[in-house]
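K.L.:
here is a sequence with its predicted model. Questions after.
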Amino acid sequence: MAEEKDQRYDPAVIEQKWQERWAANPRLYAAEPPTSSKPKYYVLEMLPYPSGQLHMGHVRNYAIGDALARQMWMRGYNVLHPMGWDAFGLPAENAALKNNTPPRQWTLGNIAAMKRQMQRIGYSYDWATEITTCLPDYYRWNQWFFLRMYEKGLVYRKKSKVNWCPECATVLANEQVVDGCCWRHEETKVEQRDVEQWFLRTTAYAQELLDGLDKLEGWPEKVRTMQRNWIGRSEGTEVDFFLATDDIVAGSTDAPAVFSPKPDTVRIRVFTTRIDTIFGATSVQLAPEHPLVTFFASADAALKAQVDMLLAEQKKAREAGDVGAIEKHGVPTGKFAVNPYNGERVPIWVANYVLMEYGTGAIMSVPAHDERDFEFARKYGIEIREVIQPAEDSVQNENGAKLLPFLSEEGILVNSGQYNGLPCAEAQKRLQEVAARSAFGEGKIIFRLKDWGVSRQRYWGTPIPMIHCERDGVVPVPYDKLPVILPEKIEITQQGGSPLARVPEFVNVTCPKCGGPARRETDTMDTFVDSSWYFYRYTDAHNDKAPFDPAKVQYWFPIDQYIGGVEHAILHLIYSRFWTKVMRDLGMVKNDEPATRLFTQGMVIKDGAKMSKSKGNVVSPDDMVARYGADATRMYALFAAPPDRDLDWQEDGVAGVSRFLGRVWRIVTRHAPIARGAGSAQPSSKTQEGGAPLRRKLHQTIAKITLDFEGRWHFNTCVAAIMELVNELQDADARLSAGEIPAPVVRELLTTLVLLLAPFAPFLAAELWEELGGEGAILNAPWPKSDPGLAREDEIEIPVQINGKLVSVVRVAAGADSKTTEAAALADGKVKARTAGKAVVKVIVVPGRAVNLVVK
């Protein structure tokens with residue numbers, strides 16, 4: 001009988017032992033240089049904001065990446081698996097106000113605490129590549145990029161209407177407004193303000209950002225769809241209506257020639273995707289902020305009062321986060337516009353649902369062929385004129401009346417003068433050509449995507465490296481003066497603009513161009529700048545001459561597997577794609593996209609809500625590790641649900657995984673002496689007889705787990721497969737102890753079990769690997785390979801159906817032919833009972849799969 005180790009499974013002792021060993025070997029998780037002969041694999045989880053404590057949502061995210069990294073090391077890859085800190089941001093300022101703690105001190109203290117937690121859980125990060133975005137050695141390169149983009153015309157400054165969070169006391173990008181509220185303060189309504197700020201010209205890459213999504217086949221379709229919708233490409237025509245004056249005579253709706261205005265006639269440019277419907281335009285509608293509206297209202301107090309009401313309604317709808325759902329109101333201006341295609345005069349209205357920032361801030365209203373216009377026209381009694389009909393019969397309701405609005409482009413033009421009878425597509429082409437030839441319009445592509453406003457009126461962020469000089473205007477900070485350092489002693493109030501504006505020694509500088517007095521820019525950068533390129537810095541984290549070495553980036557990029565939450569689909573993931581394309585055009589990188597594959601993990605749910613500090617439902621991994629061990633804690637996070645699904649937190653599940661690991665411990669340590677005694681002997685055909693079923697299960701488990709790592713990532717079923725294997729080993733415990741199973745087979749069973757466990761429970765796997773006499777670190781041990789011959793079942797189960805209904809299951813030899821399978825089915829007792837006294841008219845056999853009897 002095997003010598004039994006007199007020791008219970010004690011995760012605290014085991015994990016402390018291996019944590020100390022791993023900490024003593026800083027090169028354990030280090031990637032090899034680009035000269036390595038191994039294939040490279042860059043696996044990365046999105047870096048966290050250092051809020052102070054990890055919660056189980058973090059644990060799950062990092063456990064997914066850690067399991068993958070460990071398995072890829074074992075498969076012989078050169079793995080880069082780094083970690084860093086997205087360390088700028090408003091919470092540090094809030095903490096400074098609440099606790100009277102400087103943001104830098106609060107942030108660095110949190111980083112130290114969270115790093116200890118990560119090390120205690122056993123994540124395989126190479127801490128030599130660690131980055132912290134709030135330190136000058138990182139944010140100097142934010143400033144460097146800003147200057148390079150400024151030189152390339154990708155940075156500009158303007159006054160614009162912005163989203164303002166009263167709680168943050170700063171500007172938010174469009175992407176940071178969720179349902180009308182701040183993305184950080186989910187109960188705080190966002191306001192609209194006019195502010196001078198800096199922008200990055202993301203729209204310069206709008207088409208490429210859109211086209212690139214088709215190549216990102218390794219990204220979830222949900223994320224790609226969200227980005228397509230956010231970029232929002234619309235292809236159409238910009239066309240000029242003309243402001244009617246007393247000397248412009250009304251034309252006819254059927255006029256064959258285009259209208260010829262005087263050179264000084266005021267033009268009202270509209271954008272439309274349906275120029276084929278322009279003869280159905282019965283009004284022109286302007287956004288309340290359109291310059292013409294301001295002009296009209298300046299001479300009409302009653303109109304101004306009504307426009308102010310529309311502006312208030314629009315502002316309220318923006319703050320609610322859904323302008324599209326606004327109740328449509330409008331007011332006539334008393335003015336008219338002239339349709340350039342036929343000279344027809346149509347009334348000019350101001351409408352609250354027309355947005356100044358979309359298109360041109362003016363639309364032609366075609367009620368018969370647009371839902372919003374139809375609703376507006378019915379409300380205010382504006383003419384509804386049909387100009388498109390289906391190619392065959394008109395669409396009618398049960399009373400024979402035409403159904404409007406008719407929205408399809410599969411139709412022909414009517415009531416459109418010389419264009420009558422043309423299909424919509426042909427009419428669009430001709431009408432656009434007429435507009436271009438007559439100089440009152442052109443084909444146009446517009447995007448919903450807007451330029452990225454990066455100015456923030458707060459302290460804890462990257463200072464924008466620009467100087468304002470009364471003589472020379474805006475002057476960039478010279479490269480050799482970077483970084484512009486954040487002052488550490490500062491009063492933070494979150495009132496009255498940026499705190500930096502109240503620090504004279506920061507603000508007052510000498511203009512680098514003229515040498516005269518000047519003022520430093522006091523806005524700081526949006527923290528999404530920090531996270532737009534951080535993964536490149538990991539490849540060369542200590543470079544003080546450049547953001548990174550392009551040769552190192554060329555080796556490691558694109559990222560092979562990126563892991564993070566779907567909530568970043570619009571913000572971080574669009575910005576980082578933009579940043580990559582800018583760096584490519586600067587000649588710094590050669591890849592078009594940052595990551596080949598993206599995985600978005602599900603959330604951890606507790607008490608019916610996403611686990612988060614703000615909701616007060618956080619479970620600390622420290623508590624779980626103290627009670628059950630790090631292995632059980634992280635393994636539960638992988639076992640409780642598929643990684644892409646939400647996980648409903650249950651502490652009992654952690655306890656159950658801990659009990660399972662105790663079973664593994666007992667089985668392996670009890671039989672380790674047998675395995676060690678096998679020496680280097682390999683299982684032979686003779687010794688296979690004693691352990692054939694166990695070896696079959698073992699190699700089936702290897703195949704399943706390997707396939708899951710390579711494909712669907714259902715780590716929950718990987719863990720379940722290991723549990724099934726352990727159950728069979730436990731059932732064979734007496735035979736193992738009695739020596740009925742040859743020692744080489746025992747060694748294969750136990751060592752392979754431990755290797756399969758290593759990505760999920762690294763502490764226990766390392767201890768058992770040593771117990772079994774494994775050489776070197778288990779991280780460097782080769783991943784086991786499945787032998788298809790050993791994995792093949794001797795017998796398989798075949799379902800038997802009668803007239804399509806399952807009645808029994810029979811066992812036949814693997815590979816049995818149709819005749820043998822049919823005979824087994826007909827000989828089955830349940831089948832005989834169901835067919836007694838009946839005629840079997842047909843037997844359908846799918847070899848290895850099923851038997852179906854047709855009985856009458």
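P.N.:
On my side now, so go ahead.

K.L.:
only C-alpha atoms for contact and neighbour calcs from this point on.
P.N.:
Will do.

K.L.:
tell me which stretches of the stretch 601-750 of the chain form helices.
P.N.:
Taking DSSP state H, counting those that start in this stretch as the test, the helices found in the stretch 601-750 of the chain are 621-628, 630-639, 651-677, 688-710, 715-731, 733-737, 743-757.

K.L.:
take those helices and lay them out in TSV including distance to Glu410 and mean neighbour count.
P.N.:
As requested, those are exported to TSV (distance: least, CA to CA, whole Å; neighbours: other CA atoms under 10 Å):
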stretch	distance to Glu410	mean neighbour count
helix 621-628	59	18
helix 630-639	51	27
helix 651-677	57	20
helix 688-710	46	19
helix 715-731	49	19
helix 733-737	73	16
helix 743-757	59	23
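
K.L.:
right, and those - which one's nearest Ala825?
P.N.:
Ala825 lies closest to helix 688-710 among these, at 24.9 Å (CA to CA).

K.L.:
pull up the pairing partners for the worst-scoring helix or strand of the chain on mean pLDDT, direction included.
P.N.:
Least confident helix or strand of the chain, by mean pLDDT, DSSP states H and E, is strand 170-172 with a mean of 75. Strand pairing for strand 170-172, determined by DSSP bridges: strand 155-165 (antiparallel).

K.L.:
buried sites along the partner strand?
P.N.:
Val155, Val162, Asn163, Trp164, Cys165 (16 or more other CA atoms under 10 Å).

K.L.:
quick revisit: which one of the helices of the stretch 601-750 of the chain has the lowest average pLDDT?
P.N.:
Mean pLDDT per stretch puts helix 688-710 lowest among the helices of the stretch 601-750 of the chain, at a mean of 89.

K.L.:
which other helices and strands does that helix contact?
P.N.:
helix 715-731, helix 743-757, helix 788-791 (3 or more CA pairs under 8 Å, 6 or more residues apart in numbering; DSSP states H and E).

K.L.:
chain center to the second one: distance?
P.N.:
If you compare the mean C-alpha spot of helix 743-757 with that of the full chain, they lie 39 Å apart, counting by CA atoms, centre = their mean, to the nearest Å.

K.L.:
my guess is Leu757 contacts Ala765, does it?
P.N.:
Yes - at 6.2 Å, Leu757 counts as touching Ala765 under the criterion of CA atoms under 8 Å.

K.L.:
would you check how far apart Thr633 and Met56 are?
P.N.:
Distance, Thr633 to Met56, by CA to CA, to the nearest Å: 9 Å.

K.L.:
same thing with Met114?
P.N.:
13 Å.

K.L.:
repeat that for Tyr538.
P.N.:
Tyr538 is 25 Å from Met56, by CA to CA.

K.L.:
what's the answer for Ala204, then?
P.N.:
Counting by CA to CA, the gap from Ala204 to Met56 is 40 Å.

K.L.:
neighbour count: the two, which is higher?
P.N.:
Using other CA atoms under 10 Å as the criterion, Ala204 and Met56 rank with Met56 on top: 23 against 15.

K.L.:
check contacts around the more buried one.
P.N.:
Val604, Met611, Val618, Val619, Ser620, Pro621, Ala637 (CA atoms under 8 Å, 6 or more residues apart in numbering).

K.L.:
give me the common contacts of Thr633 and Met56.
P.N.:
Pro621.

K.L.:
who's in contact with Val809?
P.N.:
Taking CA under 8 Å, 6+ apart, one finds Glu797, Ile798, Pro799, Val800 in contact with Val809.

K.L.:
wait, I meant Ile492
P.N.:
Going by CA under 8 Å, 6+ apart, Ile492 touches Glu93, Ala96, Leu97, Tyr459, Pro499.

K.L.:
mind putting these into TSV with neighbour count, pLDDT and secondary structure?
P.N.:
Shown next, in TSV, are the contacts of Ile492 (neighbours: other CA atoms under 10 Å; pLDDT from 0 to 100; DSSP: H, G, I helix; E, B strand; the rest coil):
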residue	neighbour count	pLDDT	secondary structure
Glu93	25	82	helix
Ala96	19	77	helix
Leu97	16	78	helix
Tyr459	30	93	coil
Pro499	19	90	helix
